[in-house]
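Q: need the 3D shape of this:
(chains A and B)
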Amino acid sequence: MSIIYVLAPLALLLGTSAIIAFLWAVNKGQFDDMETPANRMLLEDEPIQNETNNKGTDS
Amino acid sequence: MEDIQHTHESKTVLQCSHCGEKVVTEFKNQNDDDHVFCCTGCRAVFNILASKGLEEYYDMKEKGPIFKARGPIKENKENFRYMDSSEFESEFIQFNETTGTKTVRFYLEGIHCLACLWLLEKLPEFKKGITQSRLEMSDSVLAVTMEKNVFVSDVAREIADLGYPPHPLASRGDLESLEIKENRKDLSRIGVAAFCSMNIMLYAVSIYGGAEGVLATQFAWVTFVLSLPVLFYSAIPFYKSAWSTLKKGTPSIDQPVVLAIVVGSISGIIDILNGKVDTYFDSLSVLVFLLLFSRYILKKAQKKGLDSSLAGSFFGNGLAHRFNSDTGQFEDVYSRFLKVGDIIKVMPGEIFPADGDIKKGQTTADLSLISGESNPINMFPGTVVFNGTVNLGNPVEIRVSHVAKESRLGKILEKIQLDRSEKSPLLSTVDKIAHQFIVAIFVVSAFVLGANWYLFDAATAITRTLSLVIVTCPCALALATPLALSRSLNLAAKAGIIIKTFDVLERVARSKSILFDKTGTITYGTLSIDGWKDIIETKTPSKDIIYSLEKYSNHPVGKSLTQQLGDEGALELPVADFIEQSGVGVSGKVNGTLFEIKKLEGKTGSYPTNTIGLYSEDKLITIVSLKDTPRHNAKGYIQKLKKLGKTAFILSGDSKQNVARIGSAVGIETEKQFSEFTPEDKHELISQMPDVMMVGDGANDAMALQKANVGVAVSGSVEVSLRAADVYLTTPGLKPLTDLVELSDETLKLIKRNLMISVIYNLLGATLAAFGHITPLTAAVLMPISSFTVLFTTLYGTKWLRGFRKQSEVAL
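A: Numbers count the residues shown, from 1 in each chain, chains lettered A, B, ... in the order given. Okay, here's the model as predicted:
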């Protein structure tokens, strides 16, 4: 049972580091805008010139 | 303009290739039958996108999620020159010396879907000199960084050409950064509470599961230590709000919650010190977490509605043409930079950017914003003009006498804001119940304490009483109410009803009568053709002649006529020598013949009001009579509102005859019609009526909207009434209004149902506690069960709410 004296503090330590990371992220502004980044990642990074060459005037 | 083709026979419903709106009059590009547009604005944007190779926008639009509905686009005519002035630079532009760039932030109208994001963030690729472009979708704010030598006006024009009218935002104000800070604090509190409560549960479960001896004591101490951040950091908002309401003597749901938290913690500490291992820390910290979380969701839902009020802050920040005595010419400036004594020129169709008196020129103006009078007023040199009113006739020069806050409009806005802050917040049903809750808890506790002391001993009595206080904490209610409200706010937003604060729902449900403004609310607000009589046959159809001539008119009658005739398929003919005489009419040559449109002269016969005639060489050719008609199914919706228990009234500045005509058409009884009311009269009447809802359009209702228990601004109303109103309906017609009333009723029903469940649970808990059956373990089981029951019933909603959700999903 004495393993619990290692595991319990370890679990708490891991949890604490997670919450510290979360607080850091909050203060860095990672959660200020919840909408745009979620959508931005769906967009292609390709420059638009390629699109025109490939497709021409699309109908 | 040759490439426009009008076709009107189409029966199938066409959707605009750009904005997706229903197409009434088709606009097309030459040699392209695949794309139809609802207006020239949408067509212009489509062509710009095509010319830049940005058609992918449409693919994106089809695939991506839609956030907000958007309507047709106004064609951009502004040149934004004023953005290049040094005054503008100092206030709106941030320079970065190290990179040699500058950044401007714009609020954009019409941001609605993924494709908007794609398009706007591609700006650097098709506009030279822009280095970065970032859009914040939730706030519709675009930050553009460009090289120093790029003209801001060029960038603004580019954005406007894409169909997003830009409004510059002053560099991040204190208010905004405060909001960000608050959001971060909320999130941190929730995060800490989540982490601690989850970990506490781990240890609490071990204790309940039978941990014994030293281990149990140690676990108990861990739960205590972990609960400290929750009690002393995460729960601070509850202490603050409970304290502030207590000081004011108003009840709030936070008071019993804080009572439970404080009592639970103190008894927990005493228990741990006495070597007892099971405590209430687990239940309490989970409670704090859930409450924080549900309130955060409510805050977010409310903010969604408030975003639209941001747009209101641009009011009057338009363009002005100011005389520069050095160059001897008029130059464009931002109207907020105008000073008293400046000479400005106001073109027809423009809004007067400040109060002043006319120096040169004569014109007509639409003063409806200030006076509520919708007929144009003649203006001569020396006449005083007001900020916010519209110049209809000719260019005039004005000497500025009052600007911004000093102007008449500024003062009205200020008064509205002042009245707003004085409006007492509604004491919600839940808060009222909280008060009775507290009283009941104290009475029952005292009884339980006394009875147990008498029957058993002091220790038993205290333990039982403490458990009673904790277990009767109305957490289920405190949790479910914000969730129910935020869900309803979201549903409303989806249906095009923007609600400023959540207590509006309850106010709507409680209001007994609804006062309707007539023009623009019950009616369409535009004059439609009522009768048409050709006296003399002409070669060119009279319809086309009137359409072509009125097209150039700035008069509201002319605009209504053009709109309607255009919809009916009138053709535009070339017009020569067009003259608009204020207060008289318009004239011009069509196909070489001089025509005149003016008020009907002489005997008007069976056409009572608003009748005009088309004349050629003083001969009457056509008589057209116009009237304002009730909106589609207005009668049905008013009937429905009556069924929902509201009494409908008409409150109008119009003549008795007109009010009676509309009133009887929509089924509002004569004794409930108030005609010839000035804005002050309306204000007076409303202050005498309790629990009244005012539905209005236009600034002449602003005071009434503000004064009413609930002010509802209907679609098409100006920014001023939006500031005064609590609710803004983005879709026209009376249907959103009945939706709002039903939604409010159902939400209140839901909250009351939760209240019932909560009370039943608390009665059960109190009984168990009184007989000593409540231990921390039973509390840890009972409290979540009650919370989840209430959560479940909230999410499940009522039958009507489920139907409404489906309906709004289909609409999207």
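Q: ok, the residue lying closest to residue B:703 once chain neighbours are set aside - contacts?
A: With Cβ to Cβ, 6 or more residues apart in numbering or on different chains as the measure, residue B:683 is the residue that lies nearest to residue B:703, at 4.6 Å, once sequence neighbours are left out. For glycine as for every other residue, the C-beta is placed from the backbone atoms N, C-alpha and C. Contacts for residue B:683 (Cβ atoms under 8 Å, 6 or more residues apart in numbering or on different chains) come out as B:703, B:704, B:707.
Q: which residue ranges of chain A form helices?
A: Ranges of helices in chain A, per DSSP state H, are A:4-27, A:36-40, A:48-55.
Q: give the contact list for residue B:725.
A: By Cβ under 8 Å, 6+ apart, the residues touching residue B:725 are B:500, B:696, B:705, B:706, B:711, B:712, B:713, B:717.
Q: and these, which is the shakiest by pLDDT?
A: Minimum pLDDT across these is recorded for residue B:717, with 50.
Q: any idea how far residue B:752 is from residue B:667?
A: Distance, residue B:752 to residue B:667, using Cβ to Cβ, to the nearest Å: 31 Å.
Q: whoops, I mixed them up, residue A:26
A: 55 Å.
Q: those two: who's more crowded?
A: Legend: neighbour count by other Cβ atoms under 10 Å in any protein chain shown for residue A:26 and residue B:667, higher for residue A:26 (20 against 13).
Q: residues of chain B that sit close to chain A?
A: Within chain B, the positions lying close to chain A (Cβ under 8 Å from any Cβ of the partner chain) are B:34, B:50, B:52-56, B:60, B:64-65, B:67, B:114, B:117-118, B:121-122, B:125-126, B:135-139, B:180, B:183-184, B:187-188, B:191-192, B:195, B:199, B:202, B:215, B:222.
Q: for the closest residue to chain A within chain B, what are phi and psi?
A: Across chain B, the shortest distance to chain A (Cβ to the nearest Cβ) belongs to residue B:53, at 3.1 Å. Note on residue B:53: backbone dihedrals following degrees, to the nearest 10 are phi 70, psi 40.
Q: what is the neighbour count of it?
A: By the criterion of other Cβ under 10 Å, residue B:53 has 20 neighbours.
Q: if I look at it, how far off is residue B:125?
A: As it turns out, when the distance is counted by Cβ to Cβ, residue B:53 lies 10 Å from residue B:125.
Q: check residue B:697 too.
A: Residue B:697 sits 42 Å away from residue B:125 when distances are taken as Cβ to Cβ.
Q: over to the nearest residue to residue B:510 once chain neighbours are set aside: give its phi and psi.
A: Of all residues beyond its chain neighbours, the one nearest residue B:510 is residue B:691 (5.7 Å), with distances taken as Cβ to Cβ, 6+ apart. Phi and psi for residue B:691, reported as degrees, to the nearest 10, are phi 50, psi 50.
Q: contacts only, for residue B:691.
A: B:510, B:511, B:512, B:513, B:709.
Q: wait, is residue B:322 part of a strand?
A: Yes: remark: residue B:322 belongs to a strand, assigned using DSSP: H, G, I helix; E, B strand; the rest coil.
Q: circling back: of the helices of chain A, which stretch is the most buried?
A: With neighbours defined as mean count of other Cβ atoms under 10 Å in any protein chain shown, the helices of chain A peak in mean count at helix A:36-40, which reaches a mean of 15.
Q: and that helix, what does it pack against?
A: The criterion is 3 or more Cβ pairs under 8 Å, 6 or more residues apart in numbering or on different chains; DSSP states H and E, and the helices and strands that helix A:36-40 contacts are helix B:114-121.
Q: coming back round to it: more neighbours, residue B:697 and residue B:125?
A: For residue B:697 against residue B:125, the residue with the higher neighbour count under other Cβ under 10 Å is residue B:697, and the figures read 27 against 16.
Q: ok, the more buried one to residue B:625 distance?
A: Plainly put, residue B:697 is 24 Å away from residue B:625 if you go by Cβ to Cβ.
Q: next one: residue B:769
A: 77 Å.
Q: more crowded one of the two?
A: Neighbours of residue B:769 and residue B:625, each counted by other Cβ under 10 Å, are more numerous for residue B:769; the result is 27 against 20.
Q: cheers, nothing more for now.
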